[in-house]
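# Pasting the sequence and the predicted coordinates here, then a few questions.
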Amino acid sequence: MIVDASVEAVWRVVADITRTSEWSHECHRITWLRGATTAAPGARFRGHNRSGRLRWSRDCAIVAFEAPHRITWRTIATTVFPDSTDWTIELEPVGSRTRVVQTYQMRDTPRWFRWIAGVMVPMHLDRGDAPADDLRRIGMIAARDAEGAATRQ
């Protein structure tokens, strides 16, 4: 999706993991873990999520951080959540605008868990427009922030 904000403005939004709740349809809060305070390879955080009445949290680790073009985090497998997924956001300049691409790759996800997750959170089987809506929100937030910064100067 191409958004009306510069790569730098969009990067400021996506690289600040604590802002995920501003744009995500599912994550409503992020807390840093193990003394981390900013995104960097190896930094850990906990994402607090909700879908309908269902609530859960996942520990994640930043596995790639290439400013201002790519960030990837991985959900950490546990006994309760034996799956792991890599989530990547990539940014590419398109003139004064930015192409934002979000991808995910499930890793080591047991088939039985995929079935249970699909029953508990059907939206995970058919994500519909939610990911595109997330990217639109990232663009709107980045544009608003850039406009506010320009106004303050």
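Great, that's in hand.
# Please enumerate the helices of this protein.
7-15, 20-23, 111-120, 130-152 (DSSP state H).
# what's the burial count for residue 24?
18 (other C-beta atoms under 10 Å). In this view, the C-beta of every residue, glycine as well, is placed from N, C-alpha and C.
# Ok, residue 14 next?
Residue neighbour count, defined by other C-beta under 10 Å, stands at 23 for residue 14.
# what's near enough to touch it?
Contact partners of residue 14, counting by C-beta atoms under 8 Å, 6 or more residues apart in numbering, are 71, 89, 91, 100, 138.
# Low-confidence bits of this protein, can you list those?
122-128, 150, 152-153 (pLDDT under 70).
# Across the sheet, point out what pairs with residue 99.
On the basis of DSSP bridges, residue 99 is bridged to residue 2, residue 92.
# try residue 51
residue 54.
# I'd say it and residue 24 touch.
No - between residue 51 and residue 24 there is no contact under C-beta atoms under 8 Å: 11.0 Å.
# Quick check: residue 72 vs residue 143, distance?
The gap separating residue 72 from residue 143 is 24 Å, by C-beta to C-beta, to the nearest Å.
# I meant residue 69, not that one.
In terms of C-beta to C-beta, residue 69 sits 19 Å off from residue 143.
# Comparing the helices of the chain, which comes out most buried?
Scoring the helices of the chain by mean neighbour count under mean count of other C-beta atoms under 10 Å gives helix 7-15 as the most buried, with a mean of 21.
# what's the closest non-adjacent residue to the most centrally placed residue in the chain?
The centroid of the chain falls nearest to residue 20 when counting by C-alpha atoms, centre = their mean (6.0 Å). Distance criterion C-beta to C-beta, 6 or more residues apart in numbering; nearest residue to residue 20, sequence neighbours excluded, is residue 27 at 4.8 Å.
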